[in-house]
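Asks: Sequence first, predicted model second:
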Amino acid sequence: MRISTKGRYALQLLIDLAQHDGDEYISLKDIAERQGVSVKYLESIASTLNKAGFILSFRGKSGGYKLSKPAEEYTIGSVLKLAEGSLAPVSCLYADGGVEQCAKADTCYTLPMWQELDRIVDEYLESVTIADLIQRNCKSSR
C-alpha cells in the first residue's frame, strides 16, 4: 500500500480546515499557501471531498470551503479510501465487492496474510481522526 499525494493532500486540506474552523469559509488559495500545494491540485481534491459531503463549499467573494462536520467525525481511513479508492496491500483484495479476482485464491498460501494485514491497517486508520492528528501534533510541539 502506498498513499499517493492525492490522499496525503486530502488529509492536509481537512486538517487545515479543522485548524481554521469557524463561521467563515476558507479559500483554497489560503490553504494552498499554508500547505505548499498548488491551488489547481487542491481544487480537484476539494471537488471530490465536496461531492462526498466531507466539506461544504460557498461561491463568491467570501467563498471557500469548511468542514461539514466536527473534526472528530472524520476518520483517516474514510478520507484515504475516498481519495485513493482502496488501501488494500495487494490487488486481489480490492476487486469489486471484496471478491478476489485471482484464479488461485482458493489455493493461495499468502491470501490470508494479506487479508489480515488489510484488516489491521483498516482497523487502525478507522480508529484515528483528523482531530486526533491535530491533538498529537499539538502535544509533540510543546
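Replies: It's in.

Asks: What segments of the chain are helices?
Replies: 5-19, 28-35, 39-51, 76-84, 111-127, 130-140 (DSSP state H).

Asks: export the ones you listed to JSON lines and tack on mean pLDDT, mean neighbour count and distance to residue 105?
Replies: From N, CA and C alone the C-beta is placed, and that goes for glycine too. Formatted as JSON lines, the helices of the chain follow (pLDDT from 0 to 100; neighbours: other Cβ atoms under 10 Å; distance: least, Cβ to Cβ, whole Å):
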{"stretch": "helix 5-19", "mean pLDDT": "97", "mean neighbour count": "19", "distance to residue 105": "27"}
{"stretch": "helix 28-35", "mean pLDDT": "95", "mean neighbour count": "16", "distance to residue 105": "41"}
{"stretch": "helix 39-51", "mean pLDDT": "96", "mean neighbour count": "16", "distance to residue 105": "31"}
{"stretch": "helix 76-84", "mean pLDDT": "96", "mean neighbour count": "19", "distance to residue 105": "22"}
{"stretch": "helix 111-127", "mean pLDDT": "95", "mean neighbour count": "14", "distance to residue 105": "6"}
{"stretch": "helix 130-140", "mean pLDDT": "86", "mean neighbour count": "13", "distance to residue 105": "35"}
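
Asks: Looking at these, which is nearest to residue 104?
Replies: Residue 104 lies closest, by Cβ to Cβ, to one member of the helices of the chain: helix 111-127, at 8.4 Å.

Asks: for that closest one, packing partners?
Replies: The contact analysis (3 or more Cβ pairs under 8 Å, 6 or more residues apart in numbering; DSSP states H and E) places helix 111-127 against helix 76-84.

Asks: Dead centre of this protein: give me the residue that sits there.
Replies: For the chain, the residue nearest the mean C-alpha position is residue 79 (2.5 Å; Cα atoms, centre = their mean).

Asks: before we move on, the earlier item: want to throw the helices of the chain into TSV with distance to residue 65?
Replies: Converted to TSV, the helices of the chain look like this (distance: least, Cβ to Cβ, whole Å):
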stretch	distance to residue 65
helix 5-19	6
helix 28-35	7
helix 39-51	6
helix 76-84	14
helix 111-127	23
helix 130-140	14
